[in-house]
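Engineer: sequence plus the predicted model coming up.
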Amino acid sequence: MHDTKKVRVRFAPSPTGSIHIGNLRTALFAWLFTKKEQGSFIVRIEDTDRKRLEEDSLEKIFKTLKWANLGVDEGVYLDKDSKVFQKGDLGPYIQSERLEIYQKYIQELIEQGKVYHCFCSEDRLKDVRQKQQLEKSPIMYDKKCRNLSSEEVTIKIKNGEDYVLRMKIPENEIVEFKDEVFGKISVKTEIIDDQVLMKADGFPTYHFAVVVDDHLMEISHIFRGEDWIPSTPKHVLLYKFFGWEIPSFVHLPNVLGEDKKKLSKRDGSASVEDFVKKGYLPEALVNFLALLGWNPKTEQEIFSSEELIEKFSLEGLNKAGGVFNYQKLDWFNKEYIKLMPEDNFKEKILEFLPAQFRTKVQENLEIFNRLLPIIKERIEKFEDVTKMWEVGDLEYYFKQPNYELEKILWKDEKDLKQTKIYLEEIAKLLNKIDNFEAEEIKSKIWDYATEQGRGSVLWPMRYVLSGKDKSPDPFVLAEILGKGETLNRLQYAIEKIA
RNA sequence: GGCCCUAUCGUCUAAUGGUUAGGACAUCAGCUUUUCAAGCUGGUAAUCCGGGUUCGAUUCCCGGUAGGGUCACCA
């Protein structure tokens, strides 16, 4: 049963901060599905909670979408100057601009007797809840105002009492819906709360706004986190109240932290911005996230977004939540770094380098260029280059390192004088090389090293060039430093010994 | 506590009513012409438990257990 209705999926963030990693994954799946089905990917802003609005949220949200390369087809956009604009025939796409619409539809429900006025104060509700908690009975509204007479209601309204509008949940019914991921889910209406649909400030709650908007915007598939499953029956009931067609639900299993609980700020960086800052590539994060909770039924791991779109299907979606594994993300990122063109890589490295190192680089571009492959095989994410700098794994390429003389000696080798002879011989051999490349250098020195004992010769050579216990091999070091500087450092050591 | 959901190596996952239960990350070991990194090769490691159904269940059903989600005038 494949309906021919156009696929329209919305991503509906609330402007209450930056995009969470779980939100991005929801958006990604929604986007992949839309692209696969050649539908529309719509962005709607759900700003009905006036208390939690955050100033620059929209900017952050759209920046993240753009970074992740999820193109928007309809709805809300941000232009270059961060000005909001909207595109599409079924708007407005910002809920706070749709108040009259909600008003109109809630009126319909009032007339049908599907909702009722509730004058209970927040304090009273809190008390009720507290009592229920103590009694370990189900926690829900006690329906105090459900049967107020219309006269009572009129009087209270006249007196200026605040009220909300609650859903009159039918009694003794079973609400059933099909979820594309979890299958059939059914719930008795007894345990469904008389949900508030309109708040005292005249704004709709999420539950009311999504249903109205999704219907009016002709959304075909509702992608959202599995946390929404418990409130879906209320939404289904609303669709029924209005006699509207019920869209497909695609509830996505949660992204979990190491503790197996829903990923949150406590797990360190849960916001996408943090991953950007750390120097993860969007392709890597996207690839990783796509494979968390979905699988293409192949053993392939690396997918371009075109491939993801092509392979994507709802059947591959998993029910169980998945732990966000940073090590695997790092692996993906490394794979994508390997695939990067040299120029892009260089640019990115420059971007992440500490200022003082950037200066050095500009003075020694040749060395830096030769150093790039070394950096490439040693970082997982771009932030790592900062760490390389901090622990001194980069500095020695640009200036004569300081070191303790004894460390020049390889293992049991005791004779500094002998080591000096090795270094002098190395210098002599290097001097004869015109084409100063690692292979060439190696071929000149290798036999000598083998003759004398490899460690005894190569360790000092490497150590003298880097001043570090750990570093790339001496031939590569020499190539990066260049003939002149290599000989300088050899000479420096020889003199130091004498 | 009520309700809902979930359950394969440590992690992400594949598979089938009959397989040596496959792959990836991580881990361990070896190799790779000194150290490190990278690479290569190999190894360790999983069907939550108990009942059914069945010739045969990891797979289907039921129960338990464990974990998670949710119970706002937040989304």
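Structural biologist: Right, received. Where do you want to start? Numbering: from 1, shown residues only, chains lettered A, B, ... in the order given.
Engineer: residue ranges of the strands in the stretch 251-400 of chain A, please?
Structural biologist: A:255-256, A:322-323 (DSSP state E, counting those that start in this stretch).
Engineer: out of those, nearest to RNA strand B?
Structural biologist: strand A:322-323 (3.2 Å; Cβ to the nearest atom of the strand). In short, each C-beta sits where N, CA and C put it, glycine included.
Engineer: for the closest one, packing partners?
Structural biologist: Packing partners of strand A:322-323 (3 or more Cβ pairs under 8 Å, 6 or more residues apart in numbering; DSSP states H and E): strand A:255-256.
Engineer: surely A:Tyr336 touches A:Pro282?
Structural biologist: No - contact criterion Cβ atoms under 8 Å: A:Tyr336 and A:Pro282 do not qualify, at 9.1 Å.
Engineer: what's the neighbour count on the closest residue to A:Asn254 other than its chain neighbours?
Structural biologist: Excluding its sequence neighbours, the residue lying closest to A:Asn254 (Cβ to Cβ, 6 or more residues apart in numbering) is A:Gly321, at 4.2 Å. Counted with other Cβ atoms under 10 Å, the neighbours of A:Gly321 add up to 19.
Engineer: again with A:Gln132
Structural biologist: Per other Cβ under 10 Å, the neighbour tally for A:Gln132 reads 15.
Engineer: what's the helix or strand where it lies packed up against?
Structural biologist: Using DSSP states H and E, A:Gln132 falls within helix A:122-135. Packing partners of helix A:122-135 (3+ Cβ pairs under 8 Å, 6+ apart): none among the helices and strands.
Engineer: quick one: contacts for the residue nearest to A:Asn254?
Structural biologist: Shown in contact with A:Gly321 (Cβ atoms under 8 Å, 6 or more residues apart in numbering): A:226, A:253-256, A:260, A:262, A:293.
Engineer: out of these, which touch RNA strand B?
Structural biologist: Restricting the contacts of A:Gly321 to those within reach of RNA strand B (Cβ under 7 Å from any atom of the strand) leaves A:226, A:253-254, A:256, A:260, A:262, A:293.
Engineer: pLDDT value on A:His2, please?
Structural biologist: You'll see A:His2 listed with a pLDDT of 46.
Engineer: and the ones next to RNA strand B among the contacts of A:Gly321, which are buried?
Structural biologist: Neighbour-count burial (16 or more other Cβ atoms under 10 Å) is assigned, among those, to A:226, A:253-254, A:256, A:262, A:293.
Engineer: and A:Tyr448, how many neighbours does it have?
Structural biologist: 16.
Engineer: to clarify, my last question referred to A:Gly467.
Structural biologist: 21.
Engineer: give me the residues contacting the lengthiest helix in chain A.
Structural biologist: Longest helix in chain A, counting residues (DSSP state H): helix A:474-497. With contact meaning Cβ under 8 Å, 6+ apart, helix A:474-497 is reached by A:366-367, A:370-371, A:374, A:397, A:400, A:405, A:408, A:416-417, A:419-420, A:423-424, A:426-427, A:430-431, A:433, A:436-439, A:441-442, A:445, A:458, A:460-462, A:464-466, A:471-472.
Engineer: so which of these also contact RNA strand B?
Structural biologist: Restricting the contacts of helix A:474-497 to those near RNA strand B by Cβ under 7 Å from any atom of the strand leaves A:442, A:458, A:462, A:471-472.
Engineer: which non-adjacent residue is nearest A:Arg462?
Structural biologist: Sequence neighbours aside, A:Pro474 is the residue nearest to A:Arg462 in space, at 3.9 Å (criterion: Cβ to Cβ, 6+ apart).
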